[in-house]
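Trainee: Show me how the following folds:
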Amino acid sequence: MASVIKDENRALPKGSLILVTGASGYIGSHVINEALAAGYKVRGTARSEEKAENTKKIFNNHPNYSTAIAADFQTDGAFDEAVKGVDAVIHVASDTTFGTDPNKVITPTKAGVLSILKSAAKEPSVKRFVLTSSSAAVLLPKLNKELTVSKDDWNQEAIDLAWAPPPYGDDRAYPVYAASKAEGEKAMWQFVKEQKPSFIANAILPNFNMGKILPGGSPGATGGAIPDLYNGKLSPIGPQYMIDVVDDARLHLIAAALDPSIENERIFGFNVAFNFGDIIAIIKKHYPDAKNVAKTPENEGRDLSKVPNELGAELLKKWYGQDGYKSLEQTVLENLEGQI
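Mentor: Reported below is the predicted structural model:
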C-alpha cells in the first residue's frame, strides 16, 4: 500500500533517517514497518542488545534498519547517541505495565519524554518530532454518556485520581496510565513552548489498537484481546473507540515524515466506538465453527463521546489512498490471522 505515497511534497525525502523508540512493541514495530515500506531508513531503540537483535528479526534484517540501545530512558543524555544524524524522532516507548503507584509510572514517563526531547534539541539534524500520546490523555471512557471532546481537552480526572493519597489499589492502574500519557504529552508541549527547539512537534492520540500482529512482534497491551475473545476470554479493558494498528502507524509516519503541513498538531487516532459484542459477532460470522468464542457481555454499553477524529481519516486518504480508517471488521479478521 505504501507504493501509493508520492515522492514529491514529502516533509522528509526518501532515505531520511528516522529514530523510533519502543521498536519491539506493538505500535513501534508497525511504525518501523511502515517507515521502511515508505523508503525511509530507521534506527530503532531497545533497552538491551538482546531486544535490539530480536527487532532485526521482525524486519527480516532489512538493510535500512539499524538499532541503538537506550537502557535508562529517564536519564538526561540517554538518547544522545541514538539521535545522532537522524532527521526525525518518533517516541513510542512508554510504560504499559499498568502499575498503580504514580511515582513509579508517571514520573519516569515524563522524565523519558523530556530526556529524548533534550537529546533531540541538541542534535541539529532533527527536523521533526512525534510523540505517541493516547486517547487516555484526553478522557476516560464514559459508557452510554454523550460528551464532546476537543483538541484542547486533557484528562484532569485521571490525573486527580492517579495522584490521590495511597493506598494504591488495582483500581488505580488505568487512571495512573492515563495520567502518565496526559502529563507526558503536556511536558512535550511545555518544552516546545519554552525551549523553542528547531524541530516541528506533533502528537498522535490513538485509542484501542487492534489488528495485524507482525511475525515475531509483540501484541502489546491490546493486540491480544481479539484472539483472546476467540478463545473464550474477555478483555478487562472496556468498550471505547478503536484504531487499526497499521492506520495508527501510518498517522505517526505522516506526522513525522510525510506531510509538511502537519505542525503542532494533536491527531486523534479514533476510528469507531466498539464493544465486545460487535467483535464477537464478527468472529461468529467468519468462524461459524469456532467452539470457544466468548459470550457477549450483558449491558456492556458503548462509548458515545464525540471526538475530533476527522483529520486522521483525511490524512490516511491523502497519503495512502484509503477511504478513511480501516473498518472494524477488516481489523478484527487481520488481528486473528496467524493467532488462532
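
Trainee: all contacts plus neighbour counts: C-alpha atoms, from now on.
Mentor: OK.

Trainee: can you map out the strands along the stretch 101-250 of the chain?
Mentor: 128-132, 200-206, 208-210, 240-244 (DSSP state E, counting those that start in this stretch).

Trainee: now the ones you listed in CSV, with mean pLDDT and distance to N61?
Mentor: Supplementary listing: those in CSV, determined by pLDDT from 0 to 100; distance: least, C-alpha to C-alpha, whole Å:
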stretch, mean pLDDT, distance to N61
strand 128-132, 99, 25
strand 200-206, 99, 28
strand 208-210, 98, 25
strand 240-244, 98, 25
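
Trainee: Export these to a markdown table and append columns for distance to K151 and mean neighbour count.
Mentor: Output for the strands of the stretch 101-250 of the chain, formatted as a markdown table (distance: least, C-alpha to C-alpha, whole Å; neighbours: other C-alpha atoms under 10 Å):
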| stretch | distance to K151 | mean neighbour count |
| --- | --- | --- |
| strand 128-132 | 15 | 25 |
| strand 200-206 | 10 | 24 |
| strand 208-210 | 18 | 26 |
| strand 240-244 | 16 | 24 |
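
Trainee: Now distance to I116 too, for the ones you listed, in a markdown table please.
Mentor: Conversion of those to a markdown table gives the following (distance: least, C-alpha to C-alpha, whole Å):
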| stretch | distance to I116 |
| --- | --- |
| strand 128-132 | 10 |
| strand 200-206 | 13 |
| strand 208-210 | 24 |
| strand 240-244 | 26 |
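
Trainee: So for F98, which of the ones you listed sits nearest?
Mentor: Nearest to F98 among the strands of the stretch 101-250 of the chain is strand 208-210; the distance by C-alpha to C-alpha comes to 14.9 Å.

Trainee: For N335, find the nearest of the strands of the stretch 101-250 of the chain.
Mentor: The stretch from the strands of the stretch 101-250 of the chain with the least distance to N335 (C-alpha to C-alpha) is strand 208-210; that distance is 6.5 Å.

Trainee: Each with direction, which strands does the closest one pair with?
Mentor: As defined by DSSP bridges, the strand partners of strand 208-210 come to strand 240-244 (parallel).

Trainee: Run the angle between the strand it pairs with and strand 200-206 for me.
Mentor: Compare the direction of strand 240-244 with that of strand 200-206 by axes from the mean of the first three to the mean of the last three C-alpha atoms, to 10 degrees and you get 120 degrees.

Trainee: What are the contacting residues of strand 240-244?
Mentor: For strand 240-244, the surrounding residues in contact (C-alpha atoms under 8 Å, 6 or more residues apart in numbering) are 141, 206-211, 269-275, 302-303, 325-326, 328, 331.

Trainee: which residues touch H252?
Mentor: 31, 90, 130, 132, 204.

Trainee: What score does it have for pLDDT?
Mentor: The predicted structure scores H252 at 99 on the pLDDT scale.
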